[in-house]
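K.L.:
Give me coordinates for this.
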Amino acid sequence: MFLGGCGTKPQTESFDKLAEEFVYTSLANSPVSATQVGYHSHKGIALDSLMDDYSAQSVERQRQWYQDFRIRLMSSVDAEKLNAEDRADYDILQDQISLALLEIDTIQNYRHNPTVYVELIGNALYSPFVLQYTDKTTRFRQIIARMLKIPLLVEQAERQLVSAPEIWTTVAQGENEGNIALIDQEMHSAVPAELKEEYETAANGALKSLHQFNDFLKNGLSRRGYAWQLGADKYAQKFRFVLATDQTPRQVLAGAESELKRVREQMYEIALPMYQKLHPDAKGKPEMNEAISAALAQIAEKHATPETYFSDARRDLQETREFVRAKDLLTLPARDNLQVIETPEFMRGIYSVGGFSAAPALEPQLGAFYWITPIPKDWPKARVDSKLREYNFYALKLLTIHEAMPGHYVQLEYANDIQPPLRRIFRSVFGNGAYVEGWAVYVTEVMLDQGYLDNSPEMRLTFLKQQLRMIANTILDIRLQTMGMTDQEAMDLMLHDAFQENEEASGKLRRAKLSSTQLPTYYVGWRDWRRVRAVYTKSAGDHLKEFHERALKAGAVPLPVLARLLTGKGL
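P.N.:
Okay, here's the model as predicted:
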């Protein structure tokens, strides 16, 4: 679908009008994303019944639109004369144009990554299924309309996909099975009676195409090899536009590898008395890995069962909410719209543990979802035990803090109250990943610093283990994508240096091959949130609640930009 216009216009356009056009035309060109953020109609065209268009003609039209839009923006707007808020949006807009053109012209996931299409289909159906933006019958009519378009989208995918790494085709097949189950089971049982016949007709065609697509992935595309690594040049460009930080990948890597050593030493200090208590007859100090591993192994023994996993997460959610209020870390959102649900099957390739899906920016009253990925019933006991040890009593609490309270849920609820609405949707749709992920890591550390769980050394050690994972994520992404890191080197880093369970490490290695520049957002964001707070404290004093609320009310801008908005100074 392409609903934008092309052609250079005279130099009479205001930045507000250009920003508005960019936001709404971008959404109109991705109807699936539009539904997710609550944008349902564009210039009289209903978007909730449409699918994204990946035809060669549409891709070319979008390339031309981005190129022409940049010319119009630069010829019409003097960035130096914009106020601070508009300048922040201008910089974000420029990065988004660059990122879109880098994807279309150079990276070209639409030609190599089948999960692009599989996850698009899943989101196209799942969003109207769970988001109650209108009555159920109307939403199922939209679902049926989108299902009728799946055969065409699959045809486009098979024409566009020229080659792919085996790991991408394997994950796409698994996620596509989730789409099949969504259509054939979950949604099938919820169809309004008056639409059952229409649903069956649309579902039959969609399911036939999805089964054929899996056959194409398994027997066709998987035989056309392709390197999943971006390489140094492409990676550096994408890193710049995605993270919008003030350091290069190599500078970030150097910082991460230094931080890895520091965190391991801090863990050793905490673990040593725990080890000595476990081994009272031991002579001399144990070596670092022995002491930390023994302490972590003891901690990991306290964990949920597959049956109590969800109820424990809900318990932790209430506990963390009460702690935030007691410590007055910030004013919690007034809306009570958070639900704890299972991760949709078609998203479990990326979200193997859990995740968060925000309420739509234009309809913040709708549901927000804290996803927990259930443990498959057919897993062998050793694999189940590995997962439960990794996400033990303490780690599950940390996951809940990160994903929900006061992590992603609170941050995105603040973002959904930004005014004016155009800025709200702009900074939601094009929000900076380092700001978003960095907040969740930063505020988890704040919770512990404020005494969460009575300053438990077990909790602190578990958090530091997760900090190691965050740091390892950065090292993995940069070294795997640009420096030829091998699978064995990656596993050694995670298992030996970061103390991860084999199940977690294997899943992270797979994730590192599925995406690029996303894994460093946690470390870069955490580091830069701390830097912004230091600048703010120097300028305005150490007022934690005030800092949190002002920073969250800005929305997901790049963190160097956030520092300028809050203090007038950069990092």
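K.L.:
Nearest residue to residue 476 in space, please, no chain neighbours.
P.N.:
residue 512 (4.9 Å; Cβ to Cβ, 6 or more residues apart in numbering). Any C-beta I mention is one placed from the backbone N, CA and C, and that applies to glycine too.
K.L.:
no wait, residue 338
P.N.:
Nearest to residue 338 is residue 368, by Cβ to Cβ, 6+ apart, at 5.0 Å.
K.L.:
so that neighbour touches residue 415, yeah?
P.N.:
No. Taking contacts as Cβ atoms under 8 Å, residue 368 lies outside contact range of residue 415: 11.3 Å.
K.L.:
anything in contact with each of these two?
P.N.:
residue 358 (Cβ atoms under 8 Å, 6 or more residues apart in numbering).
K.L.:
These two: which is more packed in?
P.N.:
More crowded of residue 368 and residue 415, by other Cβ atoms under 10 Å: residue 415, with 24 against 21.
K.L.:
what's the more buried one in contact with, if anything?
P.N.:
Residues near residue 415 by Cβ under 8 Å, 6+ apart: 358, 361, 424, 427-428, 431, 552, 555-556.
K.L.:
domains of the protein?
P.N.:
Per automatic domain parsing, the structural domains of the chain span 15-225, 298-334+377-567.
K.L.:
picking up where we left off before, what's the neighbour count on the residue nearest to residue 476?
P.N.:
24.
K.L.:
ok, it to residue 248 distance?
P.N.:
Residue 512 is 20 Å from residue 248, where distance means Cβ to Cβ, to the nearest Å.
K.L.:
same thing with residue 146?
P.N.:
Taking Cβ to Cβ, one finds residue 146 at 42 Å from residue 248.
K.L.:
just the strands in this structure please.
P.N.:
Ranges of strands within the chain are 41-42, 45-46, 338-342, 354-357, 368-372, based on DSSP state E.
K.L.:
Kindly reformat those strands as a markdown table containing distance to residue 177.
P.N.:
What follows is the strands of the chain, written out as a markdown table (distance: least, Cβ to Cβ, whole Å):
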| stretch | distance to residue 177 |
| --- | --- |
| strand 41-42 | 33 |
| strand 45-46 | 30 |
| strand 338-342 | 15 |
| strand 354-357 | 19 |
| strand 368-372 | 18 |
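K.L.:
quick one, which of these is nearest to residue 474?
P.N.:
Each of the strands of the chain has some distance to residue 474 by Cβ to Cβ; the shortest is strand 354-357, at 19.3 Å.
K.L.:
For the closest one, which helices and strands make contact with it?
P.N.:
strand 368-372, helix 393-403, helix 408-415 (3 or more Cβ pairs under 8 Å, 6 or more residues apart in numbering; DSSP states H and E).
K.L.:
Take these and write them to a markdown table, including mean pLDDT.
P.N.:
Output for those, formatted as a markdown table (pLDDT from 0 to 100):
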| stretch | mean pLDDT |
| --- | --- |
| strand 368-372 | 91 |
| helix 393-403 | 96 |
| helix 408-415 | 95 |
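K.L.:
how about the ones you listed, which one is nearest residue 260?
P.N.:
Checking those against residue 260 by Cβ to Cβ gives helix 393-403 as the closest, at 18.7 Å.
K.L.:
Can you tell me what sits against that closest one?
P.N.:
Outside helix 393-403, the residues that touch it by Cβ under 8 Å, 6+ apart are 299, 302-304, 309, 312-313, 316-317, 319-320, 353-356, 370-371, 391, 407-409, 440-441, 443-444, 447, 452-453, 456, 458-459, 462-463, 465-466.
K.L.:
what comes up buried for the longest helix seen in the chain?
P.N.:
Longest among the helix segments of the chain by residue count, using DSSP state H, is helix 249-278. Using 16 or more other Cβ atoms under 10 Å as the test for burial, helix 249-278 gives 249, 252-253, 255-257, 259-260, 263-264, 267-268, 270-272, 274-275.
K.L.:
taking the mean pLDDT, what do you get for that helix?
P.N.:
Averaging pLDDT along helix 249-278 gives 97.
K.L.:
swap in stretch 518-538?
P.N.:
97.
K.L.:
Contacts for that stretch, please.
P.N.:
239, 242-243, 245, 247, 249, 252, 255-256, 259, 433-442, 445, 470-471, 473-474, 476-478, 511-512, 547, 551, 559-560, 562-563, 566-567, 569, 571.
K.L.:
These, buried ones only, as a PyMOL selection?
P.N.:
The following PyMOL line selects those of the contacts of stretch 518-538 that are buried, judged by 16+ other Cβ under 10 Å:
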select buried, resi 239+242+243+245+247+249+252+255+256+259+433+434+435+436+437+438+439+440+441+442+445+470+471+473+474+476+477+478+511+512+547+551+559+560+562+563+566+567+571
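K.L.:
For stretch 497-509, C-alpha coordinates in CSV please.
P.N.:
In CSV, the C-alpha atoms belonging to stretch 497-509 read as follows (Å, rounded to 0.1, in the frame of the first residue of the first chain):
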residue,chain,number,x,y,z
ASP,A,497,32.1,-14.8,31.4
ALA,A,498,28.4,-14.0,31.9
PHE,A,499,27.2,-17.1,33.8
GLN,A,500,24.2,-17.8,31.6
GLU,A,501,22.4,-21.0,31.5
ASN,A,502,22.8,-23.0,28.2
GLU,A,503,19.1,-22.5,27.3
GLU,A,504,19.4,-18.7,27.7
ALA,A,505,22.7,-18.5,25.8
SER,A,506,21.5,-20.6,22.9
GLY,A,507,18.4,-18.4,22.6
LYS,A,508,20.4,-15.2,22.7
LEU,A,509,22.8,-16.4,20.0
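K.L.:
Could you number the chain from 879 rather than 1 from now on?
P.N.:
Yep, numbering from 879; the last one is stretch 1375-1387 now.
K.L.:
Buried residues in that stretch, which are they?
P.N.:
Residues of stretch 1375-1387 classed as buried: 1375-1379, 1381-1387 (neighbour count, 16+ other Cβ under 10 Å).
K.L.:
Other residues contacting that stretch?
P.N.:
Here stretch 1375-1387 has contacts from 1138, 1142, 1167, 1170-1171, 1174, 1178, 1230-1231, 1261, 1264-1265, 1267-1268, 1343, 1346-1347, 1349-1351, 1354, 1365, 1368-1369, 1372-1373, using Cβ under 8 Å, 6+ apart.
K.L.:
In helices, which of those residues fall?
P.N.:
Using DSSP H, the subset of the contacts of stretch 1375-1387 located in helices is 1138, 1142, 1167, 1170-1171, 1174, 1178, 1261, 1264-1265, 1267-1268, 1343, 1346-1347, 1349-1351, 1354, 1365, 1368-1369.
K.L.:
That's all I had, so thanks and see you.
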